[in-house]
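Novice: A predicted structure for the sequence below; I have some questions about it.
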Number of protein chains: 2
Amino acid sequence: MKNKIFFTPGPSQLYFTVEEHIKNALKKDILSISHRSKTFKILYQECVENIKILFNLNNNYHIAFTSSANEIWERIIQNLIIKTSIHYVNGSFSKKFFDYTKKYKVNSKIIESYYEPYNYNIKYSDEELIAITLNETSTGVSCPNDKIKEARLKFKNSLIALDCVSGSPAIPFEIKNVDTFYFSVQKCFGLPSGLGVWIYNNQCIDKCLKKIDKKKIVGSYHSLVKLNELGKKNQTPETPNVLGIYLLKNVINDMLKKGIKNIINETNYKSKIIDYTIKNHDQISHLIKNENIRSKTVKVAKTNKISNNLIKKLFKQNLIIGKGYGKNNYQIRIANFPTHSKENIEMLCDIISKTNF
Amino acid sequence: MKNKIFFTPGPSQLYFTVEEHIKNALKKDILSISHRSKTFKILYQECVENIKILFNLNNNYHIAFTSSANEIWERIIQNLIIKTSIHYVNGSFSKKFFDYTKKYKVNSKIIESYYEPYNYNIKYSDEELIAITLNETSTGVSCPNDKIKEARLKFKNSLIALDCVSGSPAIPFEIKNVDTFYFSVQKCFGLPSGLGVWIYNNQCIDKCLKKIDKKKIVGSYHSLVKLNELGKKNQTPETPNVLGIYLLKNVINDMLKKGIKNIINETNYKSKIIDYTIKNHDQISHLIKNENIRSKTVKVAKTNKISNNLIKKLFKQNLIIGKGYGKNNYQIRIANFPTHSKENIEMLCDIISKTNF
């Protein structure tokens, strides 16, 4: 019997080199080394340098590790917002980030628009932070590059935070248009869950310092200034997920060898195959009609019968796809991550095409 | 050449079954399953049940997973303290917890006493939370059971928080005397770092609800009420460290098979061997003279020459011991965790006895 292949939108299929890297980590005692040792500091530095190369970051940008993207939402709220923010919401995850601001008593505004491109024609009074999403994992909506640029031009005096959880590095964007962006590793990086990567620029540090000056709370071990201070020494405040950092370093190495352009091109190619399959199936159709904002990495489709019928039929063939987010029982989600080979996507699409449910 | 053995105080030698469990996790696709799936919920439930059995918890106590003990300090501050706390400090880690309260503007008090048992004869005005430490990883000081009981009797109206990071489950204590306790898994559980376990009782939940009633901030995705609400459904708010939870479940299974009493007895036996070795070596001596408060799991010894000399000599024989915490260059630390077999400890002690440095 062939092995299962996970096309779920995260956790998902492991990047195809991960198993080997885990075995090497065990051989090299990576899970036993002290997080204050020279070996760890080198590992940390290599991971950070790989991230910088992957995203072509200039010196204005810095990197910190957290335990999840949820944590990064919270750290952004604690460190980069004193009073106000605007949240463009097009799905459950961007909505969650907004909800968390309310838990922190932020005077935040929500602008909901689920299936249309962002519309920035709003009354705007220099809100401190604008939250937008590169790729909404719940609805499969992407933000095109020109819309990120437009946000930068419109909100000149605000920090712009881009949620890249299920988009990076397969969906490129112009880094210079955002002040902070972040992702978790169990999506496009094909890694075990439990690690978030937070990238922020000097403007973010300035904002955090300003908040501290005003005697506001910015958190403790994972305040931005603490993360940044320790990060400069290739250290973390707490004992971190060392395995996660080791695996991320190595998987980015593998991705760099393959070439980020190849990864992006393959993502686009596989995306078209899935789109074609969804379009031409009698029982399923795209949730996002507008191709311009349809995600290339998380495909969400409506089903004309309860989607579990299809999910189960594919499961019997060891092909695991995602259900609709939350209680969307008439939806499926298919991940198109760098670990999913063209052959695997073609096989999945071929079988979906032939499946009635 | 024999493999390295890590006697470092965490991260440390992996529990001897961990490698096998990791291989099984890979085989069983544990790293790819959805954290909202039934498979994960069962895994979560089994892990929680194992923890309850291991500590013999009654229904008054509940369990949540975080990413580190550092995070638990922060969550305790956010959720269980409105204005005041008292911190008994006998090392760098208990000091850190106190420092974090200041970052959160808590009117906290510090009572420092590094090498003596806790002295509770203080002016006390119903502070909300009393922080004590079962086992200080930096100095190797333990809190004896009668002192935990004394805290309970003295501070009747406060929540008592016990830091068990490098003590549990090898150093037993009476659970009923504390309202919350916590540990991270890279110490006595011999697991990869990146997971904290927070155990709290109903009084803690009540306190958090009281804080919410007063319109205070208790955090977002990892507020105690959110963790507790999701925990009841065998779920976590964020995508958690699934591998960590899987490994913890399995290692506790192994520990339960061995028997917690055997683990404690072995810890005590090995502790005596290390104590004897330190006492009888010309160049090293116990940092903690008072046996009543000397840790059984983290042995800290002073060295009459720079400790790196000894550390390097042992390293050449693939025996990795810890250096003094922070800048203590005339100290060593030796972990005595459940994964360290009697044979390994005997070998280490035999070699230390014969080593001049």
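Specialist: Here it is on my side, so go on.
Novice: mind listing what residue A:357 touches?
Specialist: A:283, A:303, A:305, A:309, A:310, A:313 (C-beta atoms under 8 Å, 6 or more residues apart in numbering or on different chains). No exception for glycine: its C-beta is placed from N, CA and C like everyone else's.
Novice: For ChimeraX, write the selection for the buried entries among these.
Specialist: Burial among the contacts of residue A:357 is assessed by 16 or more other C-beta atoms under 10 Å in any protein chain shown; the matching ChimeraX selection reads:
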select /A:283,303,310
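Novice: Looking at the contacts of residue A:357, which is nearest residue A:194?
Specialist: The closest of those to residue A:194 turns out to be residue A:310 (C-beta to C-beta; 30.3 Å).
Novice: And for the host helix or strand of the closest one, what's in contact with it?
Specialist: According to DSSP states H and E, residue A:310 maps onto helix A:308-315. Contacts with helix A:308-315, where a contact means C-beta under 8 Å, 6+ apart, come from A:283-284, A:303, A:320-321, A:323, A:329, A:332, A:348, A:351-352, A:355, A:357.
Novice: Relative to the whole chain's centre, how far out is it?
Specialist: 26 Å (C-alpha atoms, centre = their mean, to the nearest Å).
Novice: quick one: average pLDDT of that helix?
Specialist: The average pLDDT within helix A:308-315 is 98.
Novice: With stretch A:199-216 instead?
Specialist: Averaged across stretch A:199-216, pLDDT comes to 98.
Novice: Of all the residues in that stretch, which ones are buried?
Specialist: A:199, A:200, A:201, A:204, A:205, A:207, A:208, A:211, A:212.
Novice: For the stretch 151-300 of chain A, which residues are neighbours of chain B?
Specialist: Contact residues, the stretch 151-300 of chain A versus chain B (C-beta under 8 Å from any C-beta of the partner chain): A:184, A:186, A:192-195, A:217-223, A:237-244.
Novice: Need the buried ones from those selected in PyMOL.
Specialist: A single PyMOL command selects the buried members of those (16+ other C-beta under 10 Å):
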select buried, chain A and resi 184+186+192+193+194+195+217+218+219+220+221+222+223+237+238+239+240+241+242+243+244
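Novice: tell me the contacts of the closest residue to residue A:68 other than its chain neighbours?
Specialist: Distances taken as C-beta to C-beta, 6 or more residues apart in numbering or on different chains place residue B:238 nearest to residue A:68, at 4.2 Å, with adjacent residues excluded. By C-beta under 8 Å, 6+ apart, residue B:238 lies in contact with A:67, A:68, A:69, A:70, A:71, B:221, B:222.
Novice: and the two most separated of the residues you listed?
Specialist: Checked with C-beta to C-beta, the contacts of residue B:238 reach their widest spread between A:69 and B:222, with 13.1 Å between them.
Novice: Please list all residues in contact with whichever residue of the stretch 201-350 of chain A sits closest to chain B.
Specialist: Of all residues in the stretch 201-350 of chain A, residue A:241 sits closest to chain B, at 3.1 Å by C-beta to the nearest C-beta. Residue A:241 sits next to A:65, A:67, A:194, A:195, B:67, B:192, B:193, B:194, B:241 when contact means C-beta under 8 Å, 6+ apart.
Novice: circling back: can I get the contacts of residue B:238 in a markdown table including distance to residue B:54, pLDDT and secondary structure?
Specialist: Putting these into a markdown table (distance: C-beta to C-beta, whole Å; pLDDT from 0 to 100; DSSP: H, G, I helix; E, B strand; the rest coil) gives the following:
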| residue | distance to residue B:54 | pLDDT | secondary structure |
| --- | --- | --- | --- |
| A:67 | 24 | 98 | coil |
| A:68 | 26 | 98 | coil |
| A:69 | 31 | 98 | helix |
| A:70 | 28 | 98 | helix |
| A:71 | 27 | 98 | helix |
| B:221 | 27 | 98 | coil |
| B:222 | 23 | 98 | coil |
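Novice: which residues does residue A:75 contact?
Specialist: A:66, A:198, A:219, A:222, A:223, A:224, A:227.
Novice: The first one is in contact with residue A:76, isn't it?
Specialist: Right, the one you point to is residue A:66. No. Counting by C-beta atoms under 8 Å, residue A:66 does not reach residue A:76; the two are 10.4 Å apart.
Novice: Give the bridge partners for residue A:197, please.
Specialist: Counting by DSSP bridges, residue A:197 is bridged to residue A:65, residue A:183.
Novice: And stretch A:21-37, how far out from the chain middle?
Specialist: 26 Å.
Novice: same deal with stretch A:310-327?
Specialist: Distance, centroid of stretch A:310-327 to centroid of chain: 22 Å (C-alpha atoms, centre = their mean).
Novice: what about it, start to end distance?
Specialist: This stretch, stretch A:310-327, spans 16 Å end to end (C-alpha to C-alpha, to the nearest Å).
Novice: any chance you could map the helices in chain A?
Specialist: Counting by DSSP state H, chain A has helices at residues A:18-27, A:38-55, A:69-80, A:92-103, A:145-154, A:202-213, A:224-232, A:242-258, A:260-280, A:308-315, A:342-353.
Novice: most tightly surrounded among the ones you listed?
Specialist: Comparing the helices of chain A by mean neighbour count (mean count of other C-beta atoms under 10 Å in any protein chain shown), helix A:69-80 comes out on top with a mean of 25.
Novice: relative to helix B:69-80, how tilted is that one?
Specialist: Using axes from the mean of the first three to the mean of the last three C-alpha atoms, to 10 degrees, the direction of helix A:69-80 lies 70 degrees away from that of helix B:69-80.
Novice: between helix A:69-80 and helix A:202-213, how many degrees?
Specialist: 60 degrees.
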